[in-house]
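task: produce atomic coordinates for the following.
(2 chains)
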Amino acid sequence: MDDARQFLIGRLEAVSAGDRSALRDVYDRTAAKLFGVCLRILPNREEAEDVLQEVYLTVWNKAESFDCTRASPITWLATIARNRAIDRRRALGNRVYDRPVDEAIDIRDEAPDPLDRLQSADESRQLHDCLQSLDERAREAISAAFFGGLTYDELAARAAIPLGTMKSVIRRGLIRLKGCLER
Amino acid sequence: MSEIRDDDNDFLAAEYALGVLDGADRRRAERLARQDTAFAAELAEWNARLAPMASRIADVAPPAGLWAAIEGDLDRMTRVQSASRRAEPRAEDGGRGVSRLWQWLSLGSMAVAAASLAALFIVARPAVREPLLTASLAGDNGVPLFTAVVDRRSGTATLIPVSQPAMDGKVPELWLIPPGGVPQSLGVVDPAKPLRVALPAELAGKAAASTALAISLEPQGGSPTGRPTGPVVAKGALLSL
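Numbers count the residues shown, from 1 in each chain, chains lettered A, B, ... in the order given. Take a look at the predicted model:
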């Protein structure tokens, strides 16, 4: 296990004991990553800032439920950020304008990321390869859902295919992804 | 495993982790995760599977003032928690409004058990001078269900469940009712976890004394019409402290 990951695990343990400086350390190491996550899902910076604030309060309140044997710290944090951002996006409802398709991240174009080392490099590489093995429609839909927080309805409308077809595309893609990752 | 059955629950964990579900299905998945350890484990597996994708999102530095805002929230949260634990005012909390507030709270709601505490922070963005506003949201029988405190100086409101209404499969939704105005939703309240909702600027300006707050029971996911459709189980006017 690398140092960055070990450091975050230790600081999250301290957060669960009520150590505010530990939360600051977690914030300093991860806020830019989580802000990037929120910005992809939410329509503007104001909402993303608001949600990011909420994310670290959630971390403060729930740090004791973090279990380093079940998740890496960055997975745990990114999951909280995504869930909070998605909930906010749903709550905003129609006020969320639909972003142009090209803003959905294409996984092939993302720059290599310095925080990648927080994630096991192998894990990241394997998922990347498995995503590449999906057919294009499934890969794009899964990427748009993960990065943009789009619902089935939004994805179907965007791809101009029926809702049921979009569900099948994604569900088949998820099954194949799972199979590929278990290989 | 190659066959896709149209059984929504088979994919619920994966779909929650991916983020494609609408609000009602997300609440359903969260309920399942609380009640069913197998489902919770499946959800954790899917989160772990998909999480490496997030490492491909470019970092964006948040604004410099954000940490200070988080610290401000932590201060308020700590006060709420210690006050509810002790159910008595704390002198060292300083601000006279605050200690009087907790005195009032402990009188008004007996002891708010720490276990029942789920603070709801509503972030408003007003720049107003008036101090604290408070409302006790009670049912027709006078039993308080929620206590709400609006601190417009910090742009924060806190909602503390005091007792649970009978839900009948519905969800409580919080409404702001300006004097002579129509109810405006502040969102669905989930007493099982702390929740923070943005109070839009146009609503923040209306959060004045004589504004009322109300809780109605709505279908899962909240009122389909944008107006209260179910029974109002608690209501109360905001009063200046």
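
got the contact list for residue A:71?
By C-beta atoms under 8 Å, 6 or more residues apart in numbering or on different chains, the contact set of residue A:71 is A:79, B:44, B:47, B:48, B:51. C-beta here means a position set from N, CA and C on the backbone, and glycine is covered the same way.

so it sits in a strand?
No - Residue A:71 is assigned coil when assessed by DSSP: H, G, I helix; E, B strand; the rest coil, not a strand.

so which bits of the longest helix anywhere in chain A are buried?
Taking DSSP state H as the criterion, chain A has its longest helix at helix A:20-41. Within helix A:20-41, the residues scored as buried using 16 or more other C-beta atoms under 10 Å in any protein chain shown are A:22-27, A:29-41.

wouldn't residue A:27 be in contact with residue B:68 here?
No - at 11.2 Å, residue A:27 does not count as touching residue B:68 under the criterion of C-beta atoms under 8 Å.

for the longest helix of chain A, name the packing helices and strands.
In terms of contacts (3 or more C-beta pairs under 8 Å, 6 or more residues apart in numbering or on different chains; DSSP states H and E), helix A:20-41 is packed against helix A:3-16, helix A:45-62, helix A:73-92, helix A:136-148, helix B:66-86.

the first one - what's its average pLDDT?
The reference is to helix A:3-16. Taken as a whole, helix A:3-16 has a mean pLDDT of 93.

show residues contacting that helix.
By C-beta under 8 Å, 6+ apart, the surrounding residues in contact with helix A:3-16 are A:21-23, A:25-26, A:29-30, A:59-60, A:63-64, A:66, A:68, A:72-74, A:76, A:117-118.

how about the shortest one?
Identification of contacts with helix A:136-148 by C-beta under 8 Å, 6+ apart yields A:40-41, A:99, A:103-107, A:131-132, A:134, A:150, A:155, A:158-159, A:166, A:169-170, A:172-174, A:176-177, B:18-20, B:50, B:53-54, B:57.

and after it, which helix or strand comes next?
Counting by DSSP states H and E, the next helix or strand C-terminal to helix A:136-148 is helix A:152-159.

next SSE after that following helix?
Counting by DSSP H and E, the next helix or strand C-terminal to helix A:152-159 is helix A:163-182.

follow-up on the earlier one: of all the helices and strands packed on helix A:20-41, which lies closest to residue B:36?
helix A:73-92 (18.0 Å; C-beta to C-beta).

mind checking the SS state of residue B:140?
At residue B:140 the chain is in coil, as set by three-state DSSP.

per-residue pLDDT, it?
Looking at residue B:140, its pLDDT is 78.

that one: neighbour count?
10 (other C-beta atoms under 10 Å in any protein chain shown).

any regions of chain A where pLDDT drops low?
Confidence mapping of chain A against pLDDT under 70 gives the ranges A:1, A:94-121.

which of the contacts of helix A:136-148 are buried? Put it as a PyMOL command.
The buried subset of the contacts of helix A:136-148, as determined by 16+ other C-beta under 10 Å, is captured in PyMOL by this line:
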select buried, (chain A and resi 40+41+104+105+107+131+134+150+155+158+159+166+169+170+172+173+174+176+177) or (chain B and resi 18+19+20+50+53+54+57)
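
for residue B:134, which three-state class applies?
From three-state DSSP, the assignment for residue B:134 is strand.

for residue B:230, same thing?
At residue B:230 the chain is in coil, as set by three-state DSSP.

show me where chain B has helices.
Here chain B has its helices, by DSSP H, at B:8-18, B:23-35, B:37-50, B:66-86, B:96-108, B:201-204.

great, nothing more from me.
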